[in-house]
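Asks: Structure of the sequence below:
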Amino acid sequence: MKGRIKKIAGGFFRLFMWVLAANVLFYIMGELTIDRTAHFTPSYAQVDLNETLGKEVWSAEDYSLLYRQTGLTEAGLRDMAREDIPAFSRPSSAHTR
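Replies: Model (predicted):
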């Protein structure tokens, strides 16, 4: 009886090791084939945002510029201003459209 249990346990162990080896192999293959150079480069130049961030009230154009440069939407910028994050705390939520 003990011999049969050892045989079954050995079979499960071998199966586990094969599955583990296959997973490691697939992980290594994935790491080798991933494109680490993939990135997005916008077609417009980077802009210094200090002047825009220093304004008391942001216009629709300012929100558009901030979105293009940072990816933050108007709602996200307003939330940041409400949280008193220093660079975003000055402008009021009212702006011209």
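Asks: how much space between Gly10 and Ala22?
Replies: Counting by Cβ to Cβ, to the nearest Å, the gap from Gly10 to Ala22 is 19 Å. C-beta coordinates here come from the backbone N, C-alpha and C atoms, glycine included.
Asks: where along this protein do the helices fall?
Replies: Ranges of helices within the chain are 2-33, 50-53, 60-70, 74-82, based on DSSP state H.
Asks: Looking at those, spot the one closest to Tyr44.
Replies: helix 60-70 (6.6 Å; Cβ to Cβ).
Asks: Give me the mean pLDDT for the closest one.
Replies: Across helix 60-70, pLDDT averages out at 92.
Asks: before we move on, the earlier item: flag whichever of the helices of the chain has the least confidence on average.
Replies: helix 74-82 (a mean of 85).
Asks: what's the angle between that helix and helix 60-70?
Replies: Counting by axes from the mean of the first three to the mean of the last three Cα atoms, to 10 degrees, helix 74-82 lies at 90 degrees to helix 60-70.
Asks: In terms of secondary structure, what does helix 74-82 contact?
Replies: Helix 74-82 sits against helix 60-70, with contacts defined as 3 or more Cβ pairs under 8 Å, 6 or more residues apart in numbering; DSSP states H and E.
Asks: quick one: the helix it packs on to chain centroid distance?
Replies: In this view, helix 60-70 has its centroid 20 Å away from the chain centroid, taken as Cα atoms, centre = their mean, to the nearest Å.
Asks: got the end-to-end distance for stretch 37-45?
Replies: This stretch, stretch 37-45, spans 20 Å end to end (Cα to Cα, to the nearest Å).
Asks: now swap in stretch 37-48 and tell me
Replies: Using Cα to Cα, the end-to-end distance of stretch 37-48 comes to 26 Å.
Asks: what comes up buried for it?
Replies: By 16 or more other Cβ atoms under 10 Å, stretch 37-48 has no buried positions at all.
Asks: so for it, what's the average pLDDT?
Replies: Here the average pLDDT along stretch 37-48 is 82.
Asks: Same list (the helices of the chain) but as CSV, adding mean neighbour count.
Replies: Below are the helices of the chain laid out as CSV (neighbours: other Cβ atoms under 10 Å):
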stretch, mean neighbour count
helix 2-33, 9
helix 50-53, 12
helix 60-70, 15
helix 74-82, 15
